[in-house]
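1. Give me a 3D structure for the following:
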Amino acid sequence: LDSDPVTQNSCDAGGFGTKLHFLEKDVTCAGLSSAIGTGPFKYVERNTAEDGSDTKVVFERNDLYWGGAPAIETLVVVKYGSNEEVDAALKDGTLDMALGIGPLTPKQVSDIKLYHSDYLNVLYSDVAHHSILVFN
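-> Residues are numbered from 1 along each chain as shown. Got it, this is the predicted structure:
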């Protein structure tokens with residue numbers, strides 16, 4: 001590798017623990033300069049709110065993805081402020097998909113299924129669970 005581990009790393013300075021505390025004064029954590037990965041989409045840009053939270057993140061298709069380039073050219077993830085905003089965006093066509101429990105109320109889902117099925121689909125799936133094991 002042609003890089004300096006002291007100036008080009010993404011460590012958490014001060015996180016070495018008591019046995020390695022002597023390293024903390026000698027290590028400068030530069031952080032990542034860009035998002036990296038080998039997935040089907042490449043990070044393009046993000047917009048943030050004043051509190052630093054993401055309001056919009058844009059990805060583009062990774063034509064070199066080892067699993068084959070996805071059919072979607074651009075993927076935009078948007079944070080909406082309310083269920084009503086999500087409902088309106090789905091109905092006016094500015095939002096293509098809402099996923100999971102929470103973006104819409106059960107009444108809104110029922111309304112879409114009953115009154116807007118000519119241009120919106122409601123699909124159900126098993127609940128997805130994520131488990132995390134932490135070892136000390």
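
2. From L95, how far out is V127?
-> 22 Å (Cβ to Cβ, to the nearest Å). The C-beta positions use only the backbone N, C-alpha and C, and glycine is treated the same way.

3. Please disregard the earlier target; I meant I101.
-> Taken as Cβ to Cβ, the span from I101 to L95 is 17 Å.

4. One more: D118?
-> For D118, the distance to L95 - Cβ to Cβ - is 17 Å.

5. More neighbours: these two, which one.
-> Using other Cβ atoms under 10 Å as the criterion, D118 and L95 rank with L95 on top: 17 against 5.

6. who touches the more buried one in this structure?
-> 78, 80, 86, 89 (Cβ atoms under 8 Å, 6 or more residues apart in numbering).

7. if we take those residues, which one ends up nearest to V58?
-> V78 (9.6 Å; Cβ to Cβ).

8. Tell me, how many residues neighbour the closest one?
-> Counted with other Cβ under 10 Å, V78 comes out at 15.

9. Check K42 too.
-> Neighbours of K42 using other Cβ under 10 Å come to 19.

10. Now it. Its backbone dihedrals?
-> When read as degrees, to the nearest 10, the backbone of K42 gives phi -110, psi 140.
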